[in-house]
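Participant: need a 3D model of the sequence below.
(4 chains)
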There are 2 protein chains.
Amino acid sequence: MITIDLDSSEPLFNQLIIQIKKTIENRLLKPGDSLPSIRQLAAELDINSKTVAKAYRLLERDNVLVSKGYRGTFVHPKAEENLQVNIKEWLDTELPKDVARYRAAGATDSEIRIAFNQAISKTGN
Amino acid sequence: MITIDLDSSEPLFNQLIIQIKKTIENRLLKPGDSLPSIRQLAAELDINSKTVAKAYRLLERDNVLVSKGYRGTFVHPKAEENLQVNIKEWLDTELPKDVARYRAAGATDSEIRIAFNQAISKTGN
DNA sequence: AGTTGTACCAGCGTGTCAAATGGTACATAT
DNA sequence: ATATGTACCATTTGACACGCTGGTACAACT
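Facilitator: Residues are numbered from 1 along each chain as shown, chains lettered A, B, ... in the order given. A predicted model of the protein is given here:
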């Protein structure tokens, strides 16, 4: 159902995200269905449970999954609508535009990096 | 005239920039005046010429200095006006606003960093 | 010849970060 | 007891960037 390629350059947690989304897209998993538990899936794939937890956590933030604590993790009721609504993809379109703006102002890549690191290190989350 | 603190955490090239600006601000250097050559200043301070060249290059971009090739480097005619007009400072106000925007969208600092690195590594300068 | 700024090439030391691993613990439920 | 998601602690690995150094070379000028 879900496979993992340890030799891929794609991070494991992201492989999980992609495949879970695809499974929902193909309707093999429907809204309300339960997913394997974090530890269970980690054991099947022989990877660390934290890695699975990370994938679940990110998918929950994007409203693709819903965690119900000790009752397990489920497919979000409106999961299908949110398969595309991806913060990662939004960042991937937004950030290059901003970087282009900095460069147009004459800033060096090095300067941009330094200013970025300062900006993100202050009041981080 | 210009001193360097090798033990400071402040990068050498930035120490140079700060001190050259201050010298112009104190009118010890006026528009049109010539600066010591890159190699000359590097020899006096016993640092690498590339470090001095970097400081000069950045100051020229900010219109504080003007390089005239084999004729040397001079204080920009309108240097005094441009002592404050700093791309670095502009970045320091612009980037935090953008980062705040990303965070408001729900992005993790880690995600922002990754997207940023991808954005800036493609077509770098 | 000597000097100017500039442009390449490379390397080193340091630090930071992402990704993943491992362990432990907790409250809440069956 | 057992299982759930979650939250801490920690370490390791690899990659990458910065700041700085060093060498070499070039065209243009005195």
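Participant: helix or strand next in line after the longest helix along chain A, which one?
Facilitator: If you go by DSSP state H, chain A has its longest helix at helix A:87-104. Where DSSP states H and E defines the elements, the next helix or strand beyond helix A:87-104 is helix A:109-121.
Participant: ok, and what's touching that following helix?
Facilitator: A:99, A:102-103, A:107, B:87-88, B:91-92, B:95-96, B:98-99, B:109, B:112-113, B:116, B:120, B:124-125 (CB atoms under 8 Å, 6 or more residues apart in numbering or on different chains). Every residue, glycine included, has its C-beta placed from N, CA and C.
Participant: residue A:102 and residue B:92 touch, don't they?
Facilitator: No: counting by CB atoms under 8 Å, residue A:102 does not reach residue B:92; the two are 11.4 Å apart.
Participant: between the two, point out the one with more neighbours.
Facilitator: Legend: neighbour count by other CB atoms under 10 Å in any protein chain shown for residue A:102 and residue B:92, higher for residue A:102 (22 against 15).
Participant: got the residues of chain A near DNA strand C?
Facilitator: Within chain A, the positions adjacent to DNA strand C are A:11-14, A:47-48, A:50-51, A:54, A:69-70, A:117, A:121 by CB under 7 Å from any atom of the strand.
Participant: can you do 10 Å?
Facilitator: Selection of chain A residues close to DNA strand C by CB under 10 Å from any atom of the strand yields A:4-6, A:8-17, A:38-39, A:42, A:45-55, A:69-71, A:88, A:117-118, A:120-121, A:124.
Participant: separate out the buried members of the residues you listed.
Facilitator: Buried by 16 or more other CB atoms under 10 Å in any protein chain shown: A:4, A:12-13, A:15-17, A:38, A:42, A:45, A:47, A:51-55, A:120, out of the residues of chain A next to DNA strand C.
Participant: taking these together, which two end up most distant?
Facilitator: Farthest pair in these (CB to CB) is A:45 and A:120. Separation: 32.0 Å.
Participant: for stretch A:81-91, C-alpha coordinates in PDB please.
Facilitator: Extracted C-alpha coordinates of stretch A:81-91, given in PDB (Å, rounded to 0.1, in the frame of the first residue of the first chain):
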ATOM      1  CA  GLU A  81     -10.300  19.600  -1.500                       C
ATOM      2  CA  ASN A  82      -7.100  20.100   0.400                       C
ATOM      3  CA  LEU A  83      -4.900  17.800  -1.500                       C
ATOM      4  CA  GLN A  84      -3.700  20.700  -3.600                       C
ATOM      5  CA  VAL A  85      -3.800  23.300  -1.000                       C
ATOM      6  CA  ASN A  86      -0.200  22.900   0.100                       C
ATOM      7  CA  ILE A  87       1.700  25.300   2.100                       C
ATOM      8  CA  LYS A  88       4.900  23.900   0.700                       C
ATOM      9  CA  GLU A  89       3.800  24.600  -2.800                       C
ATOM     10  CA  TRP A  90       2.600  28.000  -1.900                       C
ATOM     11  CA  LEU A  91       6.000  28.800  -0.500                       C
END
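Participant: since that was my last question, I'll sign off now.
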